[in-house]
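Visitor: just coords:
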């Protein structure tokens, strides 16, 4: 039986429900190519954007194969955010096949890129090619701040009515990134400079290395697809011994077996898992960009201190 009190409660709740539904319906549909970029877009856009990340947590954008659902997401989007610098070699073909007319924003446009080791270029069937530049610019927080500016500008161009809100959120998040950058510098700075030498599974940390003064060796080039040969593994083992590398790290997007073999051969400790090209799932230690960078810095510093 419906009482007067329940009827009044339902009437009072109705505007709230309608408001929530309206807000969801009005959210700007946008696409980000991978999970790290998706988080940065959410930080700037807040509840005014509905973000679809094509390559999700723990996903490898290097070897990604787009799906029909991705094409539909692009067709429905108002803005498409991509890293650029050759990171998403499959993206041009996907946009073309989707028929999308969305505004396209390359968030690395303000970055001064580092050259890829050896100028890696991979011609795979899905169109993956990095070319001469290293695309992993987000591993330096200073570059992430440039991404944030590009995201805010892109959202404002597509949704001018909320331009002020995007600018305010971008400013607040940039202040958080300033704090993050100082935290990383302090954490890494506690390790003597001559002890900051580690090995990772692929060369995704050159920007981190330059910004925070850590020496990285890598089993692969900037692509995680290229498996090291026994000869290459042997050369890495010799480098580890010669350069007294103190810690080895696995990555969330890579097969750990080569690192485990090298650790057994050299006696170097496995320091844990780093997040390079993708966030962790929501219940993991790197569910946001800021959490990822804090986690990586903590893992690196902790392993080097103990090494």
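Guide: Nice, thanks for sending it over. These numbers were taken from a predicted model, which means no experiment stands behind them. Numbering: from 1, shown residues only.
Visitor: only C-alpha atoms for contact and neighbour calcs from this point on.
Guide: OK.
Visitor: tell me the secondary structure at residue 273.
Guide: At residue 273 the chain is in strand, as set by DSSP: H, G, I helix; E, B strand; the rest coil.
Visitor: cool, and residue 304?
Guide: Secondary structure, three-state DSSP: residue 304 is helix.
Visitor: residues near it, how many?
Guide: Neighbourhood size, residue 304 [other Cα atoms under 10 Å]: 22.
Visitor: so what's it up against?
Guide: By Cα atoms under 8 Å, 6 or more residues apart in numbering, the contact list for residue 304 reads 191, 195, 196, 197, 246, 247.
Visitor: residue 154 too?
Guide: Counting by Cα under 8 Å, 6+ apart, residue 154 touches 79, 103, 105.
Visitor: out of those, which is nearest to residue 29?
Guide: Nearest to residue 29 among these: residue 79, at 7.1 Å, using Cα to Cα.
Visitor: angles on the backbone of the closest one, please.
Guide: The phi/psi pair for residue 79 (degrees, to the nearest 10) reads phi -140, psi 140.
Visitor: ok so, going back, which one in the contacts of residue 304 is the model shakiest on?
Guide: Minimum pLDDT for the contacts of residue 304 is recorded at residue 246 (73).
Visitor: just to check, residue 292 is in contact with residue 277?
Guide: No: counting by Cα atoms under 8 Å, residue 292 stays clear of residue 277, with 10.2 Å between them.
Visitor: looking at those two now, which is surrounded by more residues?
Guide: Taking other Cα under 10 Å, residue 292 and residue 277 do not tie; residue 277 has more neighbours (27 against 22).
Visitor: name the SS class of the more buried one, please.
Guide: Using three-state DSSP as the criterion, the local structure at residue 277 reads coil.
Visitor: in which helix or strand does residue 40 reside?
Guide: Element membership of residue 40 [criterion: DSSP states H and E] is helix 35-45.
Visitor: show me where this structure has helices.
Guide: In the chain, the segments counted as helices under DSSP state H are 4-26, 35-45, 68-76, 91-98, 141-158, 163-189, 206-212, 230-243, 257-266, 289-306.
Visitor: out of these, which is the most enclosed?
Guide: For those, the largest average neighbour count (mean count of other Cα atoms under 10 Å) is found in helix 35-45, namely a mean of 24.
Visitor: show me what it is packed against.
Guide: The helices and strands touching helix 35-45, judged by 3 or more Cα pairs under 8 Å, 6 or more residues apart in numbering; DSSP states H and E, are strand 28-34, strand 49-55, helix 141-158, helix 163-189, helix 289-306.
Visitor: which stretch in the helices of the chain is the model least sure about?
Guide: Ranked by mean pLDDT, the helices of the chain end with helix 4-26 at the bottom, a mean of 51.
Visitor: so what's the residue most central in space within the chain up against?
Guide: By Cα atoms, centre = their mean, the chain has its centre lying nearest to residue 36, at 3.0 Å. Residues counted as contacts of residue 36 (Cα under 8 Å, 6+ apart) are 277, 278, 279, 288, 289.
Visitor: ok, of those residues, which one's closest to residue 175?
Guide: Closest to residue 175 out of these is residue 289 (14.3 Å), distances taken as Cα to Cα.
Visitor: need the nearest residue in space to residue 281, chain neighbours excluded.
Guide: residue 57 (5.3 Å; Cα to Cα, 6 or more residues apart in numbering).
Visitor: contact partners for that neighbour?
Guide: Residue 57 touches 35, 278, 279, 280, 281, counting by Cα under 8 Å, 6+ apart.
Visitor: tell me the most packed of those, by neighbour count.
Guide: Neighbour max across the contacts of residue 57 (other Cα under 10 Å) = residue 279, 29 neighbours.
Visitor: for that residue, what are its contacts?
Guide: Taking Cα under 8 Å, 6+ apart, we find residue 279 in contact with 35, 36, 56, 57, 58, 286, 287, 288, 289, 292.
Visitor: what sits closest to it if chain neighbours are left out?
Guide: Spatial nearest neighbour of residue 279, excluding adjacent residues (Cα to Cα, 6+ apart): residue 57 at 4.9 Å.
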